[in-house]
Every structure is written in structure tokens, then in C-alpha cells.
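[1] I would like the atomic coordinates for the input below:
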Amino acid sequence: MVLSKSTNTYNRQYWEDSDFPILCQTCLGDNPYIRMTKEQYGKECKICVRPFTVFRWCPGAKMRFKKTEICQTCSKLKNVCQTCLLDLEYGLPIQVRDAALQIQDDLPRNEVNKEYYIQNVDNQMSKYDATQPSNSALKSKGASDLLLRLARTAPYYKRNRPHVCSFWIKGECRRGEECPYRHEKPTDPDDPLADQNIKDRYYGVNDPVAEKLMRRAAAMPALPPPEDRTVTTLYVGNLPDNITEDELRAHFYQYGEIRSLTLVPRAQCAFVQYTTRSAAEHAAEKTFNRLVIGGKRLTIKWGKSQGRQGINDKNESAPVLEPVPGLPGTLPPPPAFLHPFPPQMPPPPNRPNDFFNLHHYGPGGWGGWGPGMAPPVPPPPAPVAPVTPVGLHYPSQDPSRLGAHAHANAPQS
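    Okay, here's the model as predicted:
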């Protein structure tokens, strides 16, 4: 163990000795069979410069080894992870959390004052519950809208990837796929994210990651209420699989009286209708982009207006369906030889003698004949090319079936 000259070796009673670190889920990793190495008083805390117990472990396959950077006392003062120094509850930088909760940093920066302050905090934590954050401001403050919108709901294991291989950047790496470091282009030196300081992150000043998140929060979309005041329904999407209607009703009932709640498990969504418009607006404001149930961030949208739906339905033209084979309008016209009379000549008037097929021959004309007169023989029809049937053919379409027959004067085919 190598300690700096600033370490007070005479005050060893305040050196930290712990059995397990204070870590977030991301730094701990997804490996359930993790193994750690423990080194008592292995390093100095990068904040209070006191020797503390250092833990080292690998969070998962193809990940880099990680270790604790600050002592547990400094971790409890800010309620942050000992390795990444992000908030344990929201997974956000300290600067974002303190700005959202309006917390002023009152930690001393002088070495002597800092050591005295840390010793008093240790004495207080030994008397009270040491699992809770020692900062009284964090205990009294609740969650804000900004924190709920920016909070990370799932671990971000990509943060545990190996560092970039410096030999690969120079073109001198000979390990190939066996190299434990990443063969990727490094971050641009002009990028603010490339210059991060652990002390600035802990004290919540000049943190480029926090500034990036604040800009993202300012650019987040809002959910304006619809112009139709009769709309009091909210669409809730991305629901967990095991959620019940009673659980969803118990959560949304705090914003106002619910008229109806329809849960659609197959689509993982629900429709919540309130009795008043003010209750629906209050629920939309409090839940949009910040409601998390079962580890999933729910999607909140306004329902559609019934009046506008009717207007849109009237304006939309009816869909044009394709013709069904076999129905009227889809068959080709019948051949010309099936017509009893030519299309250019009108049929003769219905006379009693025509029913019994009694005709008298004599001079006469077509359409003006009487007793002793016979109608002229119609000219033969022009040859017609055979028509290929289109679509399906049914027996009822055959004119020679079911008792159908051509006119007596029509030529026989």
C-alpha cells in the first residue's frame, strides 16, 4: 500500500474498512456469479483522501475490470455509486439531480475542513441507519418532473466496455481478436465528453454529461391537450404483460374520477376515460414521458375526438373493391348468335298468332304484316370470334341448360 504525504497516518481510526461496496446495477454487471477481490486500505479516496477498502471485479464477459474510486462515506453523502459516481436512484449525474431538486452543495473544499466534516459524518452514521443517504436534503426532497423524465429505468451495460486500444490507433496492435481492448476510433479530443473529471462530477460542476442531459430535457416534446373539450380519454401504451386493470385504475385514480377503463392485454395498451376534462389534463401532465410501471416507461397520448372521426369518415371515399368472378358485371357479354333479333332492328310486336307460330305468307314488311303476310327472314349474323370465358364458370351461366332455348327464328349453331 502506497499512501501520499497528505494522508494522516496517525488518525487511522477513521480509515474505512467495509465488507461490500455500494454499487449501481450497471457497474455491478449482469453476471449473477460475480467474484470480487478485496484489498483493505488499498487506495486513497479521490474526494476525502482517506485510505479505504478497494474492491475489484469484472462485470461480465468482454467487459473491463472495474474498481471502487471513492470511499463509502463520500458515497453516502451524495447517494452515488462508488465507481461511476452517478445517483443510485435515478442513474443521473449529481449536477442534474441537484438542479432538479434545488439542492445547494455545502461540502467543504479545504483539506482540513473536509477531514473534520467527514469525521463528524462518520460519527452520525454510526448512531443512525447507515443504509440511508446522510445528506438531509436528499431525505426531504421528493422526485421532480425533470428527474422522472430523465431517469434511466434499465441498466446501461454498454458503459462497462473495454477502453480503446492505443496500439491499434497507432497501427501496431498484433493481437487481433484476442486483444482485450476495443479496436474503434477514439472520441474526438474536441468533444466535451472526452474531458471528464471525477471531482467535478462529484461536486456537480462543469460536468459535460450533465449538460448534455439538461439540453436533452429542454428539447423533449410536450403533450398539448386537443382543441376539442369533449375529449377526456387517455391512451396508455407499452404496458407490462402482468399488469391488471385494478392496478392501473389504482394508479390513475389519484388524478381524478375515472368514468371507464378498458384494458387490451393483447395490444399491451389501455384507454382511461375521466369524468372531467381538468382531471384528464392533470393526468396527462403528470404521467407524460415520466410514468414507469414494472420497469417500463409507459406511452401516454390523448384519445381521438368522436366528432372529428365522423368528419374524417365522411370525407374519405369508399374503398374500391376488385370484381368477384361469377357476379353480375364481371362476365363478358353474351355472343351475338344468342340474340333472337339483330340489335339494329326492333323486335316485332307481340301478336296472338306468334304464340302458336301461325304465320301467313304474303307480301308485307317487317313490323307491318298482318293476315296473309309473313315477316322477312333476317340477314345472317356476321361471324363473331369465339369469346374466351373470364374467371370462374358456373353451370347456371350455360344458356343451353335449365330449359333455356334460342328463339325459333334464330339460326341454330
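[2] can you pull the contacts of the nearest residue to residue 93 once chain neighbours are set aside?
    Of all residues not flanking residue 93 in the chain, residue 210 sits nearest, at 4.0 Å (Cβ to Cβ, 6 or more residues apart in numbering). For the C-beta atoms, the positions are set from N, CA and C on the backbone; glycine is no exception. Taking Cβ atoms under 8 Å, 6 or more residues apart in numbering, we find residue 210 in contact with 92, 93, 94, 95, 96, 99, 201, 204.
[3] and residue 210, what helix or strand is that in?
    Residue 210 is part of helix 208-218 when elements are defined by DSSP states H and E.
[4] what's the first helix or strand after that helix?
    strand 233-237.
[5] list the neighbouring strands of that following strand plus their orientation.
    Strand 233-237 pairs in its sheet with strand 269-274 (antiparallel), strand 299-302 (antiparallel), by DSSP bridges.
[6] just say which of these is most tucked in.
    strand 269-274 (a mean of 20; mean count of other Cβ atoms under 10 Å).
[7] I'd like the next helix or strand past that strand.
    helix 277-287.
[8] what lies in contact with the helix or strand immediately after that following helix in the chain?
    Where DSSP H and E defines the elements, the next helix or strand beyond helix 277-287 is strand 292-293. Applying Cβ under 8 Å, 6+ apart, the contact partners of strand 292-293 are 148, 151, 153, 239, 240, 243, 247, 251, 298.
[9] tell me which of those fall in helices.
    148, 247, 251 (DSSP state H).
[10] so for the longest helix seen in the chain, mean pLDDT?
    Ranked by number of residues, the top helix in the chain under DSSP H is helix 111-127. For helix 111-127, mean pLDDT rounds to 79.
[11] buried residues in stretch 171-181, which are they?
    Buried residues in stretch 171-181, counted by 16 or more other Cβ atoms under 10 Å: residue 181.
[12] do a quick rundown of the strands in the chain.
    Secondary structure of the chain by DSSP state E: the strands cover 36-44, 51-57, 66-67, 233-237, 258-264, 269-274, 292-293, 296-297, 299-302.
[13] where are the low-confidence patches of this protein?
    1-11, 127-143, 306-413 (pLDDT under 70).
[14] backbone dihedrals for the residue nearest to residue 198 when sequence neighbours are not counted, both of them.
    Excluding the flanking residues, the one nearest residue 198 by Cβ to Cβ, 6+ apart is residue 46, at 5.6 Å. Main-chain torsions, residue 46, degrees, to the nearest 10: phi -80, psi 0.
[15] tell me how many other residues crowd residue 46.
    14 (other Cβ atoms under 10 Å).
[16] cool, and residue 198?
    13.
[17] return the residues in contact with it.
    46, 69, 70, 85.
[18] how much space between it and residue 168?
    Separation of residue 198 from residue 168 (Cβ to Cβ, to the nearest Å): 26 Å.
[19] mind giving me the packing neighbours of the longest helix of the chain?
    helix 72-78 (3 or more Cβ pairs under 8 Å, 6 or more residues apart in numbering; DSSP states H and E).
[20] restricting to C-alpha, output the helix it packs on in CSV.
    Output of helix 72-78 as CSV, limited to C-alpha atoms (Å, rounded to 0.1, in the frame of the first residue of the first chain):
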residue,chain,number,x,y,z
GLN,A,72,-18.4,4.7,1.3
THR,A,73,-18.7,7.8,3.4
CYS,A,74,-18.4,10.1,0.4
SER,A,75,-20.7,7.8,-1.5
LYS,A,76,-23.4,8.1,1.2
LEU,A,77,-23.0,11.9,1.4
LYS,A,78,-24.2,12.2,-2.2
